[in-house]
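Asks: Okay, here's the prediction I keep looking at, along with the sequence it came from:
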There are 2 protein chains.
Amino acid sequence: MKTPSTVGIVGGGQLAVMMIEAARRLGLETRILASSPDEVAARRWSDPELGDARDLDDLRRFASTCDVITFDHELVNSFALAILEDEGVIVRPGASALAVATDKHRQLLLFSERKLPLPETVIVHDADEAIEAARTFTDGAVLKAATGGYDGRGVLLHPDDETIRKWYPVRRTPVLVQPLLAIDAECAVQLVRAPNGQIVTYPVVRTVQANGMCSVVHVPSGLSREIEEDAVSIACLIAEAIGVIGVLAVEFFISGGRLLLNEIAARPHNSGHITLESSRTSQFENHMRAVAGHPLGATDLSVPAAAMINIVGTCDGPHSFGILPPDVAVHLYGKAPRPGRKLGHITAVDSDVDRAIERATVGLELMMKGEVVS
Amino acid sequence: MKTPSTVGIVGGGQLAVMMIEAARRLGLETRILASSPDEVAARRWSDPELGDARDLDDLRRFASTCDVITFDHELVNSFALAILEDEGVIVRPGASALAVATDKHRQLLLFSERKLPLPETVIVHDADEAIEAARTFTDGAVLKAATGGYDGRGVLLHPDDETIRKWYPVRRTPVLVQPLLAIDAECAVQLVRAPNGQIVTYPVVRTVQANGMCSVVHVPSGLSREIEEDAVSIACLIAEAIGVIGVLAVEFFISGGRLLLNEIAARPHNSGHITLESSRTSQFENHMRAVAGHPLGATDLSVPAAAMINIVGTCDGPHSFGILPPDVAVHLYGKAPRPGRKLGHITAVDSDVDRAIERATVGLELMMKGEVVS
């Protein structure tokens, strides 16, 4: 196969922006399919294509202008992608990999079949089943919609019966009911798989969640070597099983000292943003290398320790950031603020991981406080 | 003063591209004034303004859409910029700083006045004077046009009388005649000066020239501490003297163990590309921070050692790069190849500077060799 030189990215958010910048340095052309000219990648780069990421005709038209297509989000239509693959379009990570990565029910089936460590899970299809299943978990339950959820959306923590009844009618997908676990820690593995099957893995990161969103990520993880090695092996096994091409992010809980699978994403992921500063090759560059069929870049740590913290909107409407801290890497996405919306992230590198976390935290406070010194 | 939020960049080359990417992460808007829609920054980003960087009206129209203007090249008209400053346009590095930085004759006068270490220099205004001056340097002479030269253009090494006569009529500026020195080494200092006078300096880099272009840059420089400290002090003195805002690059020769000033540039510079991987804040980000009035970022080394090597075109017309090496940072500029044209650069980081240089060199060979493995 000729090496693809024009990579089409479906979606125009911040992941697309960071992929486009990585691709540019590698000499690759990029195109985007955005749902609106206001998406951040559509506003900044010339020549965006507008269309619906789930519509077969829009995808087909877009793909006809690219050598390969990939994705900045998971709100995709894997049926349409499978049809395009049959028509000869190169889709990476691949329609079947996306079908699993975007469906927690299919993930569960795969993970169970491979005997991978999972929280106890009941699959339900209506509110009555959900209420019954939730009651069996005496310490509380978590409900997760099989599809359409991200950043805590589609997840219901420790709900009462009435909340389940209200929530359920809007879910059109199976729902996973799991016990509310006592979680010791969370961690994530990023890996990248090339078309020839080569896999490179990034050092395990520890993730600290707040409101269902990952808020702090740091490396080294501080977890035991055994836990780290297990996490990496499981991630590689999943990558092979679904035949992903590009980045795969695998998120884990650690509960009672045991590693348990949480969920996966087949694209550059928030838990991998830290690689922009912490590793020789970022997840964005390696995703583009994989998608375009180039050798994957080195993933080893280039700094002793790093910590990333998300910048999350606190109010509606335009607000300007205050002091740009001098000792952290600032990444703003150019998005209009909304409460709970990810507007950017900050990464601090240091010789010590606790100092890196501290510095990132102070940096965030400075930015959110405002008032610019000129 | 309100902090500028839209930075206009005059010029649309690779420096503009790298500035735009740095600005984006800081949440700054950027606009460019390109001479042609084919310039790399004009092709990739939406909404480029087309115009002549030396034309007062074009500059005025462009500046009216920006909060501050800065530059990706030195082919500027400092008279026009001074007029715009009088009209209230914020120009950074500033018209007077650019007037010095783009004129070797004015640099010479300034450096002499400040008693800074310089090669012996004769200023000439016609071919006869040049020939006479060249003859006084018995080991050979170098002629440098005071303005319009970069990457070895406008420089004549060890010419005979006839070559001087042919070359001279096309020079409209004074010419500096200097002895052809036995050069032990070359080095450069990058610094950044903020509107409030704050200066941050990057670690001294050693530069290795080939054909008048800097071809390898590495850090640490391997030079003595005394030489490094002298170079940094001289650079800071020049920055204050010309009142630069943004990046100032100061290049030195070392001859007979003595530091001698070569030339300066008041913009991000090829010798500072290495800061993208070697320092916590790149020269591009710090230039944008300075230009937009934000606190300057930390400039200390984030890796033990790094080496940068330029990718220079060897032929005309399109050619595709071969293997993208997995263990170096590749930066391609998206420019059409031409012999001698800078098409990109590669940076290797390592615990050891010699290994970094070796790795960058091998990486370049792989890229130039071609044939992609997929």
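Replies: That came through fine.
Asks: Please put the alpha-carbon coordinates of stretch A:190-199 into CSV.
Replies: Listed in CSV are the C-alpha atoms of stretch A:190-199, where the atom choice follows Å, rounded to 0.1, in the frame of the first residue of the first chain:
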residue,chain,number,x,y,z
GLN,A,190,-2.0,4.3,26.4
LEU,A,191,-0.8,2.2,23.7
VAL,A,192,-0.4,2.6,19.9
ARG,A,193,-0.8,-0.2,17.4
ALA,A,194,0.5,0.1,13.9
PRO,A,195,-1.0,-1.5,10.7
ASN,A,196,1.8,-4.1,10.8
GLY,A,197,0.8,-5.2,14.3
GLN,A,198,3.7,-3.4,16.1
ILE,A,199,2.6,-2.1,19.5
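Asks: Count the residues that sit near the closest residue to A:Ser271 other than its chain neighbours.
Replies: With sequence-adjacent residues excluded and distances taken as C-beta to C-beta, 6 or more residues apart in numbering or on different chains, A:Ser271 is closest to A:Ala188, at 3.9 Å. Where you see a C-beta, it was placed from the backbone N, CA and C, and this is true even at glycine. As a burial measure, the neighbour count of A:Ala188 was computed by other C-beta atoms under 10 Å in any protein chain shown and equals 26.
Asks: these two touch, right, A:Ala188 and A:Phe253?
Replies: No - checked against C-beta atoms under 8 Å, the pair A:Ala188 and A:Phe253 is beyond contact range at 10.7 Å.
Asks: Can you give me every residue that contacts the residue nearest the centre of chain A?
Replies: Nearest to the mean C-alpha position of chain A, counting by C-alpha atoms, centre = their mean, stands A:His269 at 2.9 Å. Applying C-beta atoms under 8 Å, 6 or more residues apart in numbering or on different chains, one finds that A:His269 lies in contact with A:188, A:190, A:247, A:249, A:283.
Asks: Name the spans of chain A whose pLDDT lies under the cut-off.
Replies: Regions of chain A meeting the criterion pLDDT under 70 cover residues A:1-2, A:149-153, A:171, A:211-214, A:316-320, A:370-374.
Asks: Does A:Ile274 touch A:Val219 like I think?
Replies: Yes - between A:Ile274 and A:Val219 a contact is recorded at 6.1 Å, counting by C-beta under 8 Å.
Asks: Need the overlap of contacts for these two.
Replies: Taking C-beta under 8 Å, 6+ apart as the contact criterion, the common neighbours of A:Ile274 and A:Val219 are A:205, A:306-307.
Asks: need the residues of the stretch 1-150 of chain A near chain B, please.
Replies: A:1, A:3, A:5, A:17, A:21, A:24-27, A:43-47 (C-beta under 8 Å from any C-beta of the partner chain).
Asks: Closest to B:Leu156 out of the residues you listed?
Replies: Taking C-beta to C-beta as the measure, A:Gly27 is the one of the residues of the stretch 1-150 of chain A next to chain B closest to B:Leu156, at 34.5 Å.
Asks: The closest one - how many residues pack around it?
Replies: Counted with other C-beta under 10 Å, residues neighbouring A:Gly27 total 21.
Asks: Quickly note the distance from it to B:Val362.
Replies: Spatial separation of A:Gly27 from B:Val362 under the definition C-beta to C-beta, to the nearest Å is 19 Å.
Asks: Same check on A:Met18?
Replies: In this structure, A:Met18 and B:Val362 are 28 Å apart, going by C-beta to C-beta.
Asks: For the closest residue to chain B within the stretch 101-250 of chain A, list the residues it contacts.
Replies: When distances are taken as C-beta to the nearest C-beta, the stretch 101-250 of chain A reaches nearest to chain B at A:Pro195, 6.4 Å away. When contacts are counted by C-beta under 8 Å, 6+ apart, A:Pro195 touches A:92, A:245, A:290, A:293, B:374.
Asks: Repeat that for A:Arg341.
Replies: Listed by C-beta under 8 Å, 6+ apart, the contact set of A:Arg341 reads A:312-313, A:335.
Asks: Now list the buried members of those residues.
Replies: When neighbours are counted using 16 or more other C-beta atoms under 10 Å in any protein chain shown, the contacts of A:Arg341 contain these buried positions: A:312-313, A:335.
Asks: Just give me how far the stretch of helix or strand A:Leu366 belongs to sits from the chain centre.
Replies: When elements are assigned from DSSP states H and E, A:Leu366 belongs to helix A:353-369. In terms of C-alpha atoms, centre = their mean, to the nearest Å, the gap separating the centre of helix A:353-369 from the centre of its chain is 23 Å.
Asks: Identify all contacting residues around it.
Replies: Taking C-beta under 8 Å, 6+ apart as the criterion, the residues outside helix A:353-369 that touch it are A:216, A:218-220, A:222, A:305-309, A:311, A:314, A:321-325, A:327-328, A:330, A:346-350.
Asks: circling back: so which of the residues of the stretch 1-150 of chain A next to chain B belong to helices?
Replies: Filtering those for membership in helices, criterion DSSP state H, returns A:17, A:21, A:24-25, A:43-44.
Asks: other SSEs contacting the helix or strand where A:Ala188 lies?
Replies: When secondary structure is defined using DSSP H and E, the element that contains A:Ala188 is strand A:185-193. If contacts are counted by 3 or more C-beta pairs under 8 Å, 6 or more residues apart in numbering or on different chains; DSSP states H and E, strand A:185-193 sits against strand A:199-201, strand A:205-210, helix A:225-242, strand A:246-255, helix A:283-291.
Asks: Turn these into JSON lines, columns for mean neighbour count and distance to B:Glu162.
Replies: Shown next, in JSON lines, are the helices and strands packed on strand A:185-193 (neighbours: other C-beta atoms under 10 Å in any protein chain shown; distance: least, C-beta to C-beta, whole Å):
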{"stretch": "strand A:199-201", "mean neighbour count": "19", "distance to B:Glu162": "59"}
{"stretch": "strand A:205-210", "mean neighbour count": "19", "distance to B:Glu162": "66"}
{"stretch": "helix A:225-242", "mean neighbour count": "17", "distance to B:Glu162": "68"}
{"stretch": "strand A:246-255", "mean neighbour count": "24", "distance to B:Glu162": "61"}
{"stretch": "helix A:283-291", "mean neighbour count": "29", "distance to B:Glu162": "52"}
